[in-house]
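>>> let me see the structure of the following:
(one chain, ligands or ions: 1)
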Amino acid sequence: MISPQDLRSPQVPAGADALAAREPVLALDLGGTRVRAAVVMPDGTVAGRREQATPLADAADAVLDACQRLLSDVRAEVAPGGEPRLIGVSCPGPLDAWNGVMLDPPNMGPTFHDVGIGERLEAALSLPVFVERDTLVAALGEAVFGAARGCRDFLYLTVSTGIGGAVVSDGHLLLGPDGTFGELGHITVDMDGEPCGCGGRGHLEALASGTGILGQARIALDGGATTVLREFAGVAGRPSARDVADAAERGDQVAASIMDRARRAFAAACVSFVDIFDPDVIVVGGAIADGQGDRLLDPARALIEATAFRLPRRRVRIEPAALGQDVGLVGAFVLATIRSPDPRWRGGRPLPG
Ligand SMILES: [Zn+2]
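Numbers count the residues shown, from 1 in each chain. You can find the predicted model right below:
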């Protein structure tokens, strides 16, 4: 028998007060460039931070070793009596979050195939481990301690190397049966547009992510365009996404048109998100969004005001993320705290259905 509660993920707490009575959590944020660990306190403060470069040149096993070592080091420094009893983990997707298994994350290299990070850390540290995709973990952090505090309906977007998304509706983080709910970067904004890394075409990520911006710069360079981008020699002799943004600011026409297209794609997608999801707020984080600030958000606000459905456009705010580099750690605290009482996320970790 399925009860209505079985159909929903645990409710996202509306604010830090709801978690104030909880315990500290040992938090891990595994990314493609850095791995961070810390103890996160119930008021969202981050203590005992440790971090290092992700040793991606080595195999997945070496990366898991680094994660385990950082967590052990952080735990060893906790004062007696205050030891965390839960571990929360943010890591790149796609992911089987029910079993704590990283499937084939595209930015982590070929050895990251079905990597059981949950089981590994649980065995090494003898604490229950709760693992979730980085964008969803960030959404949980922003929901409790950041720009979406007090909101029951919001979207989180990260505009970075790729574009990730998360949907919180009526206080519940939506997962879907496969855990892939809310991949908002793969909304189509141009049916005849550039190929996306996922195999689709004209997706938001193909136009407005760091990878997408670089891809368009490459097309312009290969086509013989006259642009200062030719003089940039970033990684692998190509301009970086930041080089393209800088060149646009300095008046380079080719770079300006790439950045303009990225902003228009982002704005068009945001109008669809407002019409489809009726959110209180769209929180936007990630390196590209942080660098662009209102140059990215203002065109979205203007297009929503001009063309989104009348009722949701009056409500919605487009806000920059508030938690910066700590978002994965703080979100991992919320993740472990809300999932630990729910038997579906403990013990044998059965797959849903
Ligand atoms: Zn795509």
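
>>> contact residues of this structure facing the ion?
Near the ion, the residues belonging to the chain are 186, 196, 198, 200, 203 when assessed by Cβ under 5 Å from the ion. Bear in mind the C-beta positions are built from the backbone N, C-alpha and C, glycine included.

>>> let me know the secondary structure of residue 191.
Three-state assignment for residue 191 (DSSP: H, G, I helix; E, B strand; the rest coil): coil.

>>> where in the stretch 1-150 of the chain is pLDDT low?
Under the criterion pLDDT under 70, the flagged ranges of the stretch 1-150 of the chain are 1-8, 20-21.

>>> can we see that at 90?
Scanning the stretch 1-150 of the chain for pLDDT under 90 picks out 1-22, 32-33, 56-58, 79-83, 93-94, 98-99, 104-110.

>>> strands of that one, start to end?
With strands called from DSSP state E, counting those that start in this stretch, the stretch 1-150 of the chain shows them at 25-30, 34-40, 46-53, 87-91, 95-96, 101-102, 129-133.

>>> let's have the ones you listed in TSV, adding distance to residue 268 and mean neighbour count.
Output for the strands of the stretch 1-150 of the chain, formatted as TSV (distance: least, Cβ to Cβ, whole Å; neighbours: other Cβ atoms under 10 Å):
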stretch	distance to residue 268	mean neighbour count
strand 25-30	31	28
strand 34-40	32	24
strand 46-53	36	15
strand 87-91	29	28
strand 95-96	29	22
strand 101-102	32	22
strand 129-133	25	27
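
>>> now do residue 13 against the ion, distance only.
Residue 13 is 32 Å from the ion, where distance means Cβ to the ion, to the nearest Å.

>>> re earlier: where's the dip in pLDDT among the residues of the chain next to the ion?
Within the residues of the chain next to the ion, residue 198 has the lowest pLDDT, namely 88.

>>> for that residue, helix, strand, or coil?
In three-state terms, and counting by three-state DSSP, residue 198 is coil.

>>> correct me, but it touches residue 186?
Yes. Residue 198 is within contact range of residue 186, at 5.8 Å (criterion: Cβ atoms under 8 Å).

>>> between those two, which contacts overlap?
Residues touching both residue 198 and residue 186 by Cβ atoms under 8 Å, 6 or more residues apart in numbering: residue 205.

>>> so which of those two has more stuff around it?
Applying other Cβ atoms under 10 Å to residue 198 and residue 186 shows that residue 186 carries more neighbours, namely 19 against 14.
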